[in-house]
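Q: Pasting the sequence and the predicted model now:
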Amino acid sequence: MADMATTPLRVRAEKLEAFTASAFEAVGISAPEATSIAELMVRADLQGSDGHGIFRLPQYIRRIRGGAVNVKPNITVAREAAGMALVDGDNGMGHLVMRYATGKAIEKARSAGVAWVGVKWSNHAGPASLYAAMPAERDMIGLYLAVGNANHLPAWGGLDMLLSTNPIAVALPSGEEPAIVLDMATTVAAYGKVKTKAQRGETMPEGWMMDREGRPLTDPRRANEGFLLPIGGYKGYGLALVFGLLAGTLNGAAMGRDVVDFNADDTTPTNTGHVIVAIDVAAFQPVADFKRSVDALVRDLRASRRLPGVERIRLPGEGSHAARADRTKHGIPLPAPLVASLAQLAAELRIQPLG
């Protein structure tokens, strides 16, 4: 029989959304905006992005209560042209800012064919794929970049933490097959995975982090003694640098030594930068033709010959698609330490606990 202390509690998405929204309302966010943030956070959990969903709620609430986040932002377009815009998030919750910016990109792409929307004065917004997927749901290709909310990566061969995980996500619509959704950090593991490992009392695989003497670091509780490793060695470092310049520096957002560690600082605005690009497939070819081509390629890849011991060929986004189906049906699994953290938060905010 499974140990009930270690078996995750399964919670229905709608129940988790209601709890999350009530927490944000308790700290001054309007009911419609609290519901919007909660829906995106739970969407992250539904797709298996456990380090970016409800896990982040206590941290978000701490930063709001510490004055680091504006609960009543006036999100505006600071600059724009036919195929671009620069959104000023007024230090609002990143989920609100990025939902606005993505909507703007989709709207502009309908007329311009392609739209690039940069963002400044935002905050952590959850997994990159949330926003890349929004254009894909409207027969567009979505591309998202961001500057991570803490520096855990030095220059290749260096020791000073001047870069972050700076993720990229790309989503492409398909026909009968699940959409292709690539979502990855420029480091081997996102720092959110390190934090969830620490909360669960688990060790990290070798290759995620290294200490300052160049030795593998596998204890997530000692993460501040080392740094994350880039994907592909110096190539990942190069990607982190370029993505940060595009999502941060170009927008007038924080980059390099100006990045605020939101894990350790609950009072300082982060001025987080993002980019969302929407590409209207219909501007290039009939949407149905494109989707058929994507489906055909997916099927060719899946049916291709496999190395010995390989059970199946997987495509980017398959794992999230499977997780969404399972968690929609059976509920979102919450480990015991997270359940305890949320119970403590409910008591502090005097809201109804999850139960």
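A: Okay, I see it.
Q: how far away is the closest residue to residue 94 other than its chain neighbours from residue 236?
A: Computed as CB to CB, 6 or more residues apart in numbering, the closest residue to residue 94 that is not its neighbour in sequence is residue 125, at 3.1 Å. Backbone N, C-alpha and C define where each C-beta goes, glycine included. Distance, residue 125 to residue 236, using CB to CB, to the nearest Å: 22 Å.
Q: Likewise for residue 106?
A: Look at residue 106 and residue 236: by CB to CB, they are 30 Å apart.
Q: Counting neighbours, go ahead and name the busier of the two.
A: Using other CB atoms under 10 Å as the criterion, residue 106 and residue 236 rank with residue 236 on top: 23 against 20.
Q: which ones are touching the residue nearest to residue 94?
A: 40, 93-95, 97-98, 131, 146, 272, 274 (CB atoms under 8 Å, 6 or more residues apart in numbering).
Q: Strand partners (parallel or antiparallel) of the helix or strand where residue 183 lies?
A: Residue 183 belongs to strand 180-184 when assigned by DSSP states H and E. Here strand 180-184 has these sheet partners by DSSP bridges: strand 168-172 (antiparallel).
Q: List the contacts of the partner strand.
A: Against strand 168-172 from outside (CB under 8 Å, 6+ apart): 127-129, 131-133, 135-136, 141-145, 179-184, 186, 239, 243, 294, 317.
Q: Go again with 6 Å.
A: Here strand 168-172 makes contact (CB atoms under 6 Å, 6 or more residues apart in numbering) with 128-129, 132-133, 136, 141-145, 179-183.
Q: which two of these lie the greatest distance from each other?
A: Across those, no pair lies farther apart than 145 and 179, at 18.9 Å, counting by CB to CB.
Q: ok so, going back, mind checking how far the residue nearest to residue 94 is from residue 339?
A: Going from residue 125 to residue 339 by CB to CB gives 24 Å.
Q: Equivalent analysis for residue 323, please.
A: 19 Å.
Q: Look at those two and report which has more neighbours.
A: Using other CB under 10 Å as the criterion, residue 323 and residue 339 rank with residue 323 on top: 18 against 15.
Q: neighbours around the nearest residue to that one once chain neighbours are set aside, how many?
A: Closest residue to residue 323 apart from its sequence neighbours, by CB to CB, 6+ apart: residue 48 at 3.4 Å. Residues contacting residue 48 under the criterion other CB under 10 Å number 19.
Q: At which residues are the helices of the stretch 51-200 of the chain located?
A: Under the criterion DSSP state H, counting those that start in this stretch, the stretch 51-200 of the chain contains helices at 57-65, 94-112, 129-136, 191-200.
Q: got the contact list for the first one?
A: To tie it back to what came earlier, the one meant is helix 57-65. Applying CB under 6 Å, 6+ apart, the external contacts of helix 57-65 come out as 27, 69, 266, 341, 345.
Q: Spell out for me which residue occupies the centre of the chain.
A: residue 127 (1.3 Å; CA atoms, centre = their mean).
Q: C-alpha coordinates for the lowest-mean-pLDDT helix or strand in the chain, CSV please?
A: Lowest mean confidence among the helices and strands of the chain (mean pLDDT, DSSP states H and E): helix 191-200, at a mean of 86. C-alpha atoms of helix 191-200 as CSV (Å, rounded to 0.1, in the frame of the first residue of the first chain):
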residue,chain,number,x,y,z
TYR,A,191,15.6,26.8,-11.5
GLY,A,192,11.9,26.1,-10.7
LYS,A,193,12.8,22.4,-11.0
VAL,A,194,15.6,22.9,-8.5
LYS,A,195,13.1,24.5,-6.1
THR,A,196,10.6,21.8,-6.4
LYS,A,197,13.3,19.1,-5.8
ALA,A,198,14.3,21.0,-2.6
GLN,A,199,10.7,21.2,-1.3
ARG,A,200,10.2,17.5,-1.9
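Q: how about it: buried residues?
A: Neighbour-count burial for helix 191-200 flags 191-199 (criterion: 16 or more other CB atoms under 10 Å).
Q: okay if I get those as CSV plus distance to residue 255?
A: What follows is the buried residues of helix 191-200, written out as CSV (distance: CB to CB, whole Å):
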residue, distance to residue 255
191, 17
192, 20
193, 23
194, 22
195, 22
196, 26
197, 27
198, 27
199, 29
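Q: Which one of these is nearest to residue 163?
A: Among those, residue 191 lies closest to residue 163 (CB to CB), at 12.0 Å.
Q: How about the contacts made by that closest one?
A: Residue 191 makes contacts with 152, 165, as judged by CB under 6 Å, 6+ apart.
Q: Swap in 10 Å and give it another go.
A: Counting by CB atoms under 10 Å, 6 or more residues apart in numbering, residue 191 makes contact with 51, 148-153, 164-165, 185, 208-209, 220, 223, 228, 261, 263.
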